[in-house]
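J.: Just to be clear, the model below is a prediction. Sequence and coordinates:
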Amino acid sequence: MSAVGLVGDAWQLLLLVGALAGLAIAIGAIVRHPGFGLALTAIFPIIIWESPVAPALVTLQGITIYADDAVALMLAGAALVNTIRGSVRLATVHLAAIGLAIAMILSTLTGTQNFPIGSTLVEARQLLFVAIAILWGFTLEWTRSGERSELLRRYAWWVLGALVLVALYHGVRYGIGTADDLLSNSSGEIVQTGRVLTSGQAALLGMCAIVIVGTAPSERRGPSTSAAVFAGAVLLMSQQRTAIIAVVAAAVLYWLAAGARSKLNGILVLGGVTLTAIVVAASGALNGFLSDLGTSAGSTGTYEGRQAGWMALLADARGQGAGAVLFGRPFGSGFGRFENGRWVEYAPHNFYLTIFLRVGLVGLALLAVFLVAALRQAWRRSTPRWVGALWVVVVIFGWSYTWPWYLLPLPVIALAQPLLRHRVVARRVTSSHRRQSSSGRPQLRGVGA
């Protein structure tokens with residue numbers, strides 16, 4: 001072996017050791033501070049318009065590790081550590097989520113035996129990330145009353161603010177666009193839709209607005225409602241129809257489940273927003289935007305093309321026999337089909353169909369059990385109404401898009417259905433807390449301490 005080869009191998013080994021050390025440190029940080037893990041998941045919805053593929057971090061033995069791969073590994077490691085240090089208590093929602101994750105893993109392993117590993121992992125990674133995000137969220141337990149809501153509220157404010165700025169920047173630089181507009185680079189390659197937010201960004205923006213309103217203390221109702229209304233205007237500007245429908249449906253159910261006073265406040269807010277919109281529209285200032293909005297609302301070509309693609313994929317699955325229907329075809333099989341007269345191979349824009357195609361009716365049944373159990377828990381009388389609204393957004397959004405994995409931590413953590421018990425999630429203990437603990441007050445301790 002040449003000296004150059006030895007140096008290259010040594011460098012690869014050094015990168016591997018450094019990557020593993022960094023991963024271990026990050027896992028420890030997430031276990032100790034779950035808010036850090038939640039913050040990491042917030043990076044991707046903020047940058048995904050400019051960078052649909054997450055930045056590459058390192059290449060080891062020919063395998064490129066991307067930033068979202070690294071974060072998913074961190075969350076999976078943190079979930080494993082939490083589970084080892086805790087005592088598991090399984091509810092129906094947990095069993096269904098675990099069963100679905102196992103089915104995805106088996107489909108991935110089968111795919112690696114029949115198809116190139118690279119194409120199999122590319123196809124599987126986003127669904128595996130969804131399972132990881134769900135299971136990590138379930139391994140979190142909160143020791144202080146209100147701690148979970150405080151964390152989610154801070155997350156929602158930061159992400160909402162960032163997404164609003166992203167949307168405004170895109171609107172100023174590229175224009176608002178319509179549902180059918182596409183942006184191309186200098187070589188003519190289509191790089192993004194003409195809308196100011198992606199579908200996942202728009203859905204997350206609406207979910208953050210719901211959290212901000214739902215967790216607002218009484219003295220901050222006004223600013224929280226104003227922020228939510230402004231976020232709603234940006235959501236409308238995004239013209240992401242599935243996200244708009246999902247958020248509106250969730251808001252309506254949220255309002256119907258509210259008390260009389262909250263319903264009256266909602267009517268007053270809606271009335272004020274409607275009156276303002278009428279005045280502004282009458283001035284002619286929004287003529288261009290209203291025209292674009294009407295064009296987007298009336299455009300059905302995209303959805304009709306997707307439906308044709310869905311029917312083709314379903315017919316192909318049935319033609320593969322009972323095994324493909326019951327258990328799906330393994331990851332790596334591909335999603336080739338015709339849409340709008342052109343051959344495409346990307347995953348269908350339907351989470352439920354994607355689950356059926358890769359883990360069959362068995363996986364679809366597990367997903368149905370998971371969602372029913374989650375919705376039952378979310379809409380219980382003892383659960384805050386905004387939690388149920390989050391799950392409504394997720395369920396509806398999945399009809400036209402695959403669930404972006406970064407959407408899931410928010411509703412799962414909000415569900416407050418921990419998989420573990422008899423464990424204490426560590427928090428940073430300040431010097432004042434340490435002094436208090438010496439005087440007989442209970443001191444927060446690390447997991448397993």
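T.: Received the coordinates, thanks.
J.: can you map out the strands along the stretch 301-449 of the chain?
T.: Ranges of strands in the stretch 301-449 of the chain, per DSSP state E, counting those that start in this stretch, are 337-339, 342-344, 420-421.
J.: likewise the stretch 51-200 of the chain?
T.: 56-60, 63-66, 87-88, 182-184, 190-193.
J.: that older thread, in a markdown table: the strands of the stretch 301-449 of the chain, plus distance to residue 46 and mean pLDDT.
T.: (Glycine included, C-beta is placed from N, CA and C.) Formatted as a markdown table, these follow (distance: least, C-beta to C-beta, whole Å; pLDDT from 0 to 100):
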| stretch | distance to residue 46 | mean pLDDT |
| --- | --- | --- |
| strand 337-339 | 29 | 79 |
| strand 342-344 | 27 | 80 |
| strand 420-421 | 30 | 68 |
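J.: Mean neighbour count and distance to residue 111 added to those strands, as CSV?
T.: Converted to CSV, these look like this (neighbours: other C-beta atoms under 10 Å; distance: least, C-beta to C-beta, whole Å):
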stretch, mean neighbour count, distance to residue 111
strand 337-339, 17, 19
strand 342-344, 10, 20
strand 420-421, 16, 31
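J.: among these, which is nearest residue 404?
T.: Residue 404 lies closest, by C-beta to C-beta, to one member of these: strand 342-344, at 19.3 Å.
J.: Determine the set of other helices and strands touching that closest one.
T.: strand 337-339 (3 or more C-beta pairs under 8 Å, 6 or more residues apart in numbering; DSSP states H and E).
J.: Could I get the average pLDDT for the longest helix seen in the chain?
T.: Using DSSP state H to define each element, the chain has its longest helix at helix 3-32. Per-residue pLDDT over helix 3-32 has a mean of 79.
J.: ok, residue 39 to residue 204 distance?
T.: According to C-beta to C-beta, to the nearest Å, residue 39 and residue 204 sit 14 Å apart.
J.: low-confidence ranges in the stretch 251-400 of the chain?
T.: 276-301 (pLDDT under 70).
J.: Please enumerate the helices of it.
T.: 260-282, 287-298, 301-319, 322-327, 351-378, 385-400 (DSSP state H, counting those that start in this stretch).
J.: Out of the ones you listed, which one sits most buried?
T.: The highest average neighbour count among the helices of the stretch 251-400 of the chain, using mean count of other C-beta atoms under 10 Å, belongs to helix 385-400 at a mean of 23.
J.: how about that helix as PDB, C-alpha atoms only?
T.: Extracted in PDB, the C-alpha atoms of helix 385-400 (Å, rounded to 0.1, in the frame of the first residue of the first chain):
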ATOM      1  CA  ARG A 385     -57.300  22.000  23.100                       C
ATOM      2  CA  TRP A 386     -54.300  23.200  21.200                       C
ATOM      3  CA  VAL A 387     -52.700  19.700  21.400                       C
ATOM      4  CA  GLY A 388     -55.600  18.200  19.500                       C
ATOM      5  CA  ALA A 389     -55.400  21.000  16.900                       C
ATOM      6  CA  LEU A 390     -51.700  20.100  16.200                       C
ATOM      7  CA  TRP A 391     -52.600  16.500  15.500                       C
ATOM      8  CA  VAL A 392     -55.400  17.600  13.100                       C
ATOM      9  CA  VAL A 393     -52.900  19.600  11.100                       C
ATOM     10  CA  VAL A 394     -50.600  16.500  10.900                       C
ATOM     11  CA  VAL A 395     -53.300  14.100   9.900                       C
ATOM     12  CA  ILE A 396     -54.700  16.300   7.100                       C
ATOM     13  CA  PHE A 397     -51.300  17.400   5.900                       C
ATOM     14  CA  GLY A 398     -50.400  13.700   5.300                       C
ATOM     15  CA  TRP A 399     -53.000  13.400   2.600                       C
ATOM     16  CA  SER A 400     -51.100  15.500   0.100                       C
END
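J.: ok, and what's touching that helix?
T.: With contact meaning C-beta atoms under 8 Å, 6 or more residues apart in numbering, helix 385-400 is reached by 199, 203, 206-207, 210-211, 213-215, 242-243, 245-247, 249-251, 253-254, 257-258, 303, 306, 349-352, 371, 374-375, 378-379, 403, 407-408, 410-411, 414-416.
J.: orientation of that helix relative to helix 351-378 in degrees?
T.: Angle of helix 385-400 versus helix 351-378, following axes from the mean of the first three to the mean of the last three C-alpha atoms, to 10 degrees, is 170 degrees.
J.: If you count neighbours, what's buried in stretch 410-422?
T.: 410-420 (16 or more other C-beta atoms under 10 Å).
J.: Ignore what I typed, I meant stretch 72-88.
T.: 72-79, 81-83, 85-86.
J.: Please apply the same query to stretch 242-254.
T.: 242-244, 246-248, 250-251, 254.
J.: Which of residue 39 and residue 204 has more residues huddled nearby?
T.: Higher neighbour count among residue 39 and residue 204: residue 204, with 27 against 16, using other C-beta atoms under 10 Å.
J.: per-residue pLDDT, the more buried one?
T.: 97.
J.: Residue 174 now?
T.: 83.
J.: again with residue 414
T.: Looking at residue 414, the pLDDT reads 92.
J.: Not counting sequence-adjacent ones, nearest residue to residue 98?
T.: Spatial nearest neighbour of residue 98, chain neighbours left out: residue 135 (7.2 Å); criterion: C-beta to C-beta, 6 or more residues apart in numbering.
J.: what sits against that neighbour?
T.: Here residue 135 is in contact with 76, 79, 97-98, 101, 419 (criterion: C-beta under 8 Å, 6+ apart).
J.: any chance of those residues in TSV, with pLDDT and distance to residue 131 too?
T.: Shown next, in TSV, are the contacts of residue 135 (pLDDT from 0 to 100; distance: C-beta to C-beta, whole Å):
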residue	pLDDT	distance to residue 131
76	96	9
79	93	10
97	95	7
98	95	9
101	96	4
419	74	13
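J.: So which of these belong to helices?
T.: Those of the contacts of residue 135 lying in helices (DSSP H): 76, 79, 97-98, 101.
J.: who does the closest residue in space to residue 59 that isn't next to it in sequence bridge with?
T.: In space, and not counting its chain neighbours, residue 59 is closest to residue 65: 7.3 Å by C-beta to C-beta, 6+ apart. Beta-bridge pairing for residue 65 (DSSP bridges): residue 58.
J.: Next, find the distance separating residue 65 from residue 310.
T.: 33 Å.
J.: One more: residue 19?
T.: Taken as C-beta to C-beta, the span from residue 19 to residue 310 is 39 Å.
J.: And for residue 147?
T.: 42 Å.
J.: again with residue 390
T.: In terms of C-beta to C-beta, residue 390 sits 26 Å off from residue 310.
J.: And for residue 25?
T.: Residue 25 is 44 Å from residue 310, by C-beta to C-beta.
J.: what's the answer for residue 125, then?
T.: Taken as C-beta to C-beta, the span from residue 125 to residue 310 is 22 Å.
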